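Undergrad: I would like to see how this sequence folds:
(chains A, B and C)
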Amino acid sequence: MDTILAFVIGGLYAAGIYLILRRSIVKLIIGLALLGQAANLLIFTAAGLTRAQPPIVAEGSEVPINPSADPLPQALILTAIVISFGVLAFTTVLVKRVYQTVGTDDLDDMKATDR
Amino acid sequence: MNVLLILPMLIPLLTASLALLAWNHPRLQRGLSVFGAASLLGAAIALLTVVWSDGIQVTQGGNWPAPFGITIISDLFSAIMVGLTGIIGLSVVLYSLVSIDPARESFGFHPLIHVLLMGVCGAFLTGDIFNLYVWFEVLLIASFVLLALGGERAQMEGAIKYVTLNLLSSAIFLAAIGLLYGEAGTLNMADLAIRLGNSDRQGLTTALAMLFLVAFGIKAAIFPLFFWLPASYHTPPVVISTIFAALLTKVGVYSLIRVFTLMFTQDTALTHTLILVIAGFTMVTGVLGAIAQVEFRRLLSFLIVCEIGFLLMGLGIFTPLGLAGSVFFMIHAIISMSALFLLSGLTERICHTFNLKQMGGLYHSYPALAVLFLVPALGLAGLPPMAGFFAKVTLLQAAIEVESYTIVIVALVVSLLVLVAIARVWNEAFWKNPPDDIAGLVGRPGALQVSGARLIPLLLPVVTLASLTLIMGIAAEAILAIAMDAGEQLMNPSGYIQAVLGGQQ
Amino acid sequence: MELVAAVLAGFVIAPFVPWIRRAGRDYTGWIIALVPLFICVYLATLIGPIADGETRRVSYDWIPSLHINLSFYVDGLSLAFGLLISGIGALIMVYAGGYLKGHHHLGRLYAYLLMFMGSMLGIVLADNIITLFVFWELTSITSYLLIGFNHHEAKARSAALQALVVTVLGGQLMLGGLLILGYVSGSYELTEILTQGDMLREHSLYVPILLLILAGAFTKSAQVPFHFWLPGAMEAPTPVSAYLHSATMVKAGVYVLARFHPALGGTDLWTIILVTAGGLTMIVGAYLAFPQSDLKRVLAYSTVSALGTLVLLIGIGTERAIEGAVVFLLVHSLYKGALFLVAGIIDHGTGTRDINMLGGLRKAMPITAVVAGLAALSMAGLPPMFGFIGKELVYDALVEESGFVPRFVAGITVAANILLLVIAGIVGIGPFFGRNRDTPEHPHEAPPSLLTGPAVLAGLGLAIGLIPTLFIGSLIQPATQAILGDPVAISISLWHGFNPALALSAITVGVGVGIYFGRGRLRPIALQIYDWRWYGPERAFPRIMEGLDSIALTQTRLLQSGFLRYYLLTIIITTVAVVSYPLFGRGELFDRPDFGDVRFYEIGLGVLLLMAAFQAARSNSRLGAIAALGVVGYGVALIYIFYGAPDLAMTQVLVETLMVVLLVLVFYRLPRYVQRSTRGNQVRDAIVALTAGGMMTALILASLSFEDRTTISAYFDENSVPLAHGRNIVNVILVDFRALDTLGEITVLAVAAAGVFALLRLRLAEPQDEEADRGA
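TA: Alright, predicted model coming up:
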């Protein structure tokens, strides 16, 4: 399954990258969101998938049953999900404000600060 | 638990929180902000002193042993960076007392600055690669908000590019961490150094090194990944420009140096040669970009890119002297650039513009200002007796020792071109007569629009920073002593690893 | 110790000039002149010991880590230069006080002059090559500030920039050469480097070192093709021109050549380059001086010529040649300095420097006329002036060798000297004789402050000419010896007997006087050729600068196009390139793909995810894209469930829901999708995207292969309950083992919230006038 997931993640990346290359700031957001998903899934997959018990210690024992899933990538992804949600939420509102201030959603028209 | 290591993160956190609570009391906020920045500087100096005399300091978050818990570690390089953060933090906060507009100030300017400082210090002091990601995100979100704070059109346009490119960088960073864990099974940098060294999967390791190069490279504004910088740095108010210019890219450079001296040293023929080549291109594109500019802050922004090239040069050379050069150059670059950005704020007050073509007459009317410009600017161009010259000489000597003559010639020619860019600013803003519409403004009393005690927080940072560039040049030996030690430490990661993991190898 | 004080005095006093000026008023010039005067006197006390063969050296550690030390060294060569710098410096300070009397920025002029003097002394007295360079660059900077003194004039600014760019370009290259030289020699102290001449000349890096150092010397000393900045520098006030651009700074390059002669000189390459450049410069300078109308430009070009002569002589390198160089150095400084100052007096007194407008001034300005006449005689090389001795020595050196090349060189030297004689007449005799012309101001004699300088200089020219050994013998010999590195015996006098040199002098005088009287007809012809032929470097510089500007502009437009997607494309393509190279180029990478134990619904899920992603990318409606995004998010949550991560799945579902809701709310206000990109762009972007995706896949597969590493998670599994007292290991990691991460995560959320709040509430329409609100 990891192999298949590797391809799935590649597909997610491809879709995300395609979207951020578009001229619309709206598509940009969706692309960034997809990239976030892809990255999380990548951490999960690259660490090694185990169709196993979740890493929870049952009552009465001191250690989880072997084999259990690797808890560390899960913790990392949790942190990453929350962080990326916070950042994306801000970015979404930013996009809205950009649209309101600049008057267009076409990124090609936003060149003033570069020239 | 070594408190000294935690303070640089704790102090700004406390300051930000308290300042947040004081949302409706700007006077209290300002006081807290200044106190917090000063305390941070004090803690940073204390840390530097201890690291200088006692060696690498380590502690573990929650006292969970390495490599399982998060390591907080300061070698000389980190301590120097934290020290610089303290200096710049205080300078910026002082300057902002007079210069930030009340609107922005009432929407959380001070807490945001301190969150930024916390993220920066956290990044410098962490020994865990995922924790580095987290601190990056902290400083990034703070910078996003600061950049967009106010919602002016230029800020919005700059912000969308800044945010997108940095988010891409974070996504790549995260992926790289995931893959790294997949290969090595650990997140602790010292542990990674050992495991990557023992790994027999060279191709993958180097590929991951390249991913990190890109991820940090975007943040560090290297060639060809720097486009977000000149598009955005000149859009927010001057204080925010300054703190960005001084610190943000340098966190990227710090991370590059850290991972490419500690973890990714197995394939230096490829990695470090590539870094050296990139350094050369970065220098050249940066300075050419600066020459093409008419807006003062955009010119400085491109010069930041140019400086990054020099910083990378030391890393690419990969000898203790080379890294000492990078460390010294880092110190000089941060201080000079901050001085110049703050100075651009002063000239804007007088001339009401950042456009060089529309400025003039400053040399005639404000000789002190001219000196305040000339000293750090010439230092930036690497002219003696400012610190920039000696930093440059260190890098050049290091390059000659490894017979990399191409980069030597490139660096020398680029120095000249930096001087050309500086001369342009001098010609336009200082020497030539002011154009008619501002001829009445320049030279009139009260041009700085503040007077009396309020002049101090405005001028003190600029004067101090500018003087430092000169003092550090004349007393270069003192700075070099520290930089050399830092370089040695960086080139010999076993000291770092030993400090973190003790005897367990 | 006194040496260090001598060098640093200028820098130390400079910041105090405003106060000195307030106290001294119009006599400030005389007061400030005391500084160089003291230095000159101090150096003069060293003449005796140096003549006896002693040297003085002092060294203080400055930056030992970089091998930079404050080392200073006095021998004959540095003493000769030092006396020139400080002596002429004193005279210039006095002159400046009179010339720029009452000028608003006169104080700054004094400060810059003092710093310049200190830098110049630093160059000639330094024993550490990096320290030498430090002062070298300082002279470039002070020169820039001095040339641009009349900064209101665009011409002055551009002349200053031109000089700066040319000399700093050479300077930077020279730095490279010096660093390599130091590295190769094992020491950065001149006295040690100079003993290693043989090793250096044979070294593989000799050529680069030589060329780089020559770059510095030639640019500073205005050798062809770098000569053009010198006439441009005449925009500076006359005292500056006299001091920097005739007597001292431009000779710095010559100093370096002379100083490094024992280490680098004597090879064929050295001789060829120096002789060619020097000879070319000599004749070109003299030729270009001839048609000029502005007094100062005439003098500037003739200075170029003189510098060429000096380089030529050092290139020849024989005892006679070096002796000639040392003498000519002194000769030139004396007469040229005097003539420049006279030009300033004429400008000050009549209001013009145009030769065509000057004549018959000897009645109104008698003292000036005498002084000018003496200086002119010295320049023309006529007895009994010092200039005559100088010229004789030069000719002596040239006639030593036989053969085509030496004869040719001798020939052009004579030609150059002929022209110089003519110029001497044009400058020093012409304006004072003949009939009176109309000048803007009624001519009047100059005040003492202006006369002192040229009088002293011209007078010295006469005195030394009459009694050379008394004044100079003890200086020439040690200087020549220092340059050659070997002991040498010198004798100079006014009369050497009838010899070829004298014959050449006679020819020079004869032809020269003839041309002088025919100059009216000859100058227009020369002017025509000047305009047409000498298109070269003078016009080239502005062109080069424009070219630089346009390259810079083009590069910036190209790279910093303003289009976000091009930035992204660049980054992504770069990433794929640098990652793929080691990934695929370093051998064994992938294990056999392990399809293992795959369940059909998992495959289905994978396909679903891919389809949803595709849909999100290609959807024509915003809501459709958001919905697809939601499907992706929930699909991922399912994967988490299948693989033992329930906590993760819960969070994923929550966050995904929030995200979808937020997007819908925000997108409601944003415009509909529009197909903007061209087909071609879409295809291109798709290819890039797929390639990048493929690279990520490859990376994951590579990471999964050979999976046999141990992870640190075992620790968490084992200690979660006993030490951390928690059963949900993931949670325990988040709040205990790696709590610092969670702290950061919460901070991010808080800041994001604050940011959203600020974005929505704070809308500043225009760039905030920051102080206006403050001031209120």
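Undergrad: For C:Val298, see how far away C:Pro291 is.
TA: Distance, C:Pro291 to C:Val298, using Cβ to Cβ, to the nearest Å: 9 Å. The way it works is simple: take the backbone N, C-alpha and C, and place the C-beta from them, glycine included.
Undergrad: okay, the two: which has more neighbours?
TA: C:Val298 (25 against 20; other Cβ atoms under 10 Å in any protein chain shown).
Undergrad: Hmm, C:Leu288 and the more buried one touching each other?
TA: No: look at C:Val298 against C:Leu288 with Cβ atoms under 8 Å: they stay out of range, at 9.3 Å.
Undergrad: Based on its surroundings, how many neighbours for C:Arg56?
TA: For C:Arg56, the count of nearby residues is 16 (other Cβ under 10 Å).
Undergrad: Just the pLDDT at it, thanks.
TA: Per-residue pLDDT puts C:Arg56 at 84.
Undergrad: Find the residue closest to it in space, skipping its chain neighbours.
TA: Among residues not flanking C:Arg56 along the chain, C:Val74 sits closest, at 4.3 Å (Cβ to Cβ, 6 or more residues apart in numbering or on different chains).
Undergrad: Over to C:Met249?
TA: Residue nearest to C:Met249 in three dimensions, not counting chain neighbours: C:Thr139, with 5.4 Å by Cβ to Cβ, 6+ apart.
Undergrad: What is the burial count for that neighbour?
TA: Counted by other Cβ under 10 Å, the residues lying close to C:Thr139 total 25.
Undergrad: so what's it up against?
TA: Counting by Cβ atoms under 8 Å, 6 or more residues apart in numbering or on different chains, C:Thr139 touches C:116, C:119-120, C:123, C:244, C:249, C:252.
Undergrad: Kindly report the same for C:Met696.
TA: By Cβ under 8 Å, 6+ apart, C:Met696 lies in contact with A:9-10, A:13, A:38, A:42, B:175.
Undergrad: Show me which of those is closest to chain C.
TA: A:Gly10 (3.3 Å; Cβ to the nearest Cβ).
Undergrad: how much space between the closest one and C:Thr574?
TA: Relative to C:Thr574, and taking Cβ to Cβ, A:Gly10 is found at 19 Å.
Undergrad: now do C:Ala80
TA: 58 Å.
Undergrad: now B:Leu40
TA: 36 Å.
Undergrad: out of these two, which sits in the busier spot?
TA: Of the pair B:Leu40 and C:Thr574, B:Leu40 is the one with more neighbours under other Cβ under 10 Å, namely 29 against 19.
Undergrad: per-residue confidence at the more buried one?
TA: 96.
Undergrad: Are we agreed that it is in a helix?
TA: Yes: the assignment for B:Leu40 (DSSP: H, G, I helix; E, B strand; the rest coil) places it in a helix.
Undergrad: wait, it sits on B:Thr85?
TA: Yes: between B:Leu40 and B:Thr85 there is a contact under Cβ under 8 Å: 7.4 Å.
Undergrad: Would you check how far apart the residue most central in space within chain A and C:Asp647 are?
TA: Among the residues of chain A, the one closest to the centroid is A:Gly36, at 1.5 Å (Cα atoms, centre = their mean). According to Cβ to Cβ, A:Gly36 and C:Asp647 sit 18 Å apart.
Undergrad: could you dump the contacts of C:Thr139 to CSV with pLDDT, neighbour count and secondary structure?
TA: Putting the contacts of C:Thr139 into CSV (pLDDT from 0 to 100; neighbours: other Cβ atoms under 10 Å in any protein chain shown; DSSP: H, G, I helix; E, B strand; the rest coil) gives the following:
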residue, pLDDT, neighbour count, secondary structure
C:Phe116, 94, 27, helix
C:Ser119, 93, 27, helix
C:Met120, 93, 31, helix
C:Ile123, 94, 28, helix
C:Leu244, 88, 27, helix
C:Met249, 89, 28, coil
C:Ala252, 93, 26, helix
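Undergrad: Low-confidence ranges, chain A, go.
TA: A:115 (pLDDT under 70).
Undergrad: remind me, longest helix of it?
TA: helix A:71-102 (DSSP state H).
Undergrad: Would you mind naming what in chain B lies close to chain A?
TA: B:130, B:133-134, B:137, B:140-141, B:144-145, B:148, B:151-154, B:156-161, B:163-164, B:167-168, B:170-171, B:174-175, B:177-179, B:181-182, B:187, B:227, B:230-232, B:234-235 (Cβ under 8 Å from any Cβ of the partner chain).
Undergrad: Could you tell me which of these count as buried?
TA: For the residues of chain B next to chain A, a burial check counting by 16 or more other Cβ atoms under 10 Å in any protein chain shown picks out B:130, B:133-134, B:137, B:140-141, B:144-145, B:148, B:151-154, B:156-161, B:163-164, B:167-168, B:170-171, B:174-175, B:177-179, B:181-182, B:187, B:227, B:230-232, B:234-235.
Undergrad: Lowest average confidence across helices and strands of chain B, where is it?
TA: Ranked by mean pLDDT, DSSP states H and E, the weakest helix or strand in chain B is helix B:436-439, scoring a mean of 76.
Undergrad: Tell me the buried residues in the helix or strand following that helix?
TA: Where DSSP states H and E defines the elements, the next helix or strand beyond helix B:436-439 is helix B:455-474. For helix B:455-474, burial by neighbour count (16+ other Cβ under 10 Å) applies to B:457-459, B:461-466, B:468-473.
Undergrad: likewise stretch C:365-372?
TA: Result for stretch C:365-372 [16+ other Cβ under 10 Å]: buried residues C:365, C:368-372.
Undergrad: could you dump these to CSV with distance to B:Leu13?
TA: Output for those, formatted as CSV (distance: Cβ to Cβ, whole Å):
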residue, distance to B:Leu13
C:Met365, 79
C:Thr368, 77
C:Ala369, 82
C:Val370, 82
C:Val371, 77
C:Ala372, 77
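Undergrad: Of the residues you listed, just say which sits nearest to C:Val165.
TA: Minimum distance to C:Val165 across the buried residues of stretch C:365-372 is 34.4 Å, recorded for C:Ala372 (Cβ to Cβ).
Undergrad: Can you verify my assumption that that closest one contacts C:Phe433?
TA: No: using Cβ under 8 Å, C:Ala372 is not in contact with C:Phe433; the gap is 10.5 Å.
Undergrad: Show me which residues of the stretch 201-350 of chain C are close to chain B?
TA: Within the stretch 201-350 of chain C, the positions lying close to chain B (Cβ under 8 Å from any Cβ) are C:Pro208.
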